[in-house]
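K.L.:
what's the 3D shape of this:
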Amino acid sequence: MLKSIGFRNSGALDLSGKGVEIGLVVVIILIIILAIAVVIGVSRNEDGSPLETPKEARVKCLKCGEEWMIDSDEMGNFMRESRDRAGGRSMGGDCPKCQAKGTVYIMIKCPKCGTYYMPKKATDPLGAATGEARDVCPKCGTDYVKWFVEQHRRK
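P.N.:
Sure thing, here's the model as predicted:
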């Protein structure tokens, strides 16, 4: 019926041609290039140098209060295990000291004064999820997210 009306071969509504296929491929390639450029841009410091992967992190058990350092290998395993157990969501790891399950979290190191403190996703998960609770250094008052955004804003 569309062919008898003239829509099929008019060119205006014919989306089955090679030109459309080539156009879609070009658009997809441009989107991929843009995404790569964004990832590279975000993973750089203010001076253009690549962000460094931390060599170690401080963790704390919410049940027994123990704190200790873990290296980058342990950090990868810790994060993988906690995500696997939580079905893809981030949650705490298991404490080797008191044997509690899901109570160990990676602490935040204040970028200004170097104080370690627990992230709000660990101490106030509901507040962190709703945005009401912010990761703010208890010693100097630096808001971690605001600091990070300011440091990595394009100038």
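K.L.:
distance of the residue lying closest to residue 148 once chain neighbours are set aside relative to residue 55?
P.N.:
Nearest residue to residue 148, sequence neighbours excluded (Cβ to Cβ, 6 or more residues apart in numbering): residue 111, at 7.7 Å. Bear in mind the C-beta positions are built from the backbone N, C-alpha and C, glycine included. From residue 111 over to residue 55 the distance is 16 Å, taken as Cβ to Cβ, to the nearest Å.
K.L.:
those two: which is more packed in?
P.N.:
Per other Cβ atoms under 10 Å, whichever of residue 111 and residue 55 has more neighbours is residue 111, with 13 against 9.
K.L.:
surely the more buried one and residue 147 touch.
P.N.:
Yes. Judged on Cβ atoms under 8 Å, residue 111 makes contact with residue 147 at a distance of 5.5 Å.
K.L.:
for the chain, what spans make up the strands?
P.N.:
Using DSSP state E, the strands of the chain run over 56-61, 67-71, 104-106, 108-109, 116-117.
K.L.:
wait, which of the ones you listed is closest to residue 126?
P.N.:
With Cβ to Cβ as the criterion, residue 126 lies closest to strand 104-106 of the strands of the chain, at 15.6 Å.
K.L.:
which outside residues touch that closest one?
P.N.:
Counting by Cβ atoms under 8 Å, 6 or more residues apart in numbering, strand 104-106 makes contact with 57-62, 75, 78-79, 92-95, 118-119, 121-122, all of which sit outside it.
K.L.:
buried subset of these, written for ChimeraX?
P.N.:
The ChimeraX selection below is limited to those of the contacts of strand 104-106 classed as buried (16 or more other Cβ atoms under 10 Å):
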select :57,59,60,61,75,78,92,93,94,95,118,119,121,122
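K.L.:
and residue 48, what pLDDT?
P.N.:
Listed pLDDT for residue 48 reads 57.
K.L.:
surely residue 107 touches residue 59?
P.N.:
Yes. Counting by Cβ under 8 Å, residue 59 is a contact partner of residue 107 at 6.4 Å.
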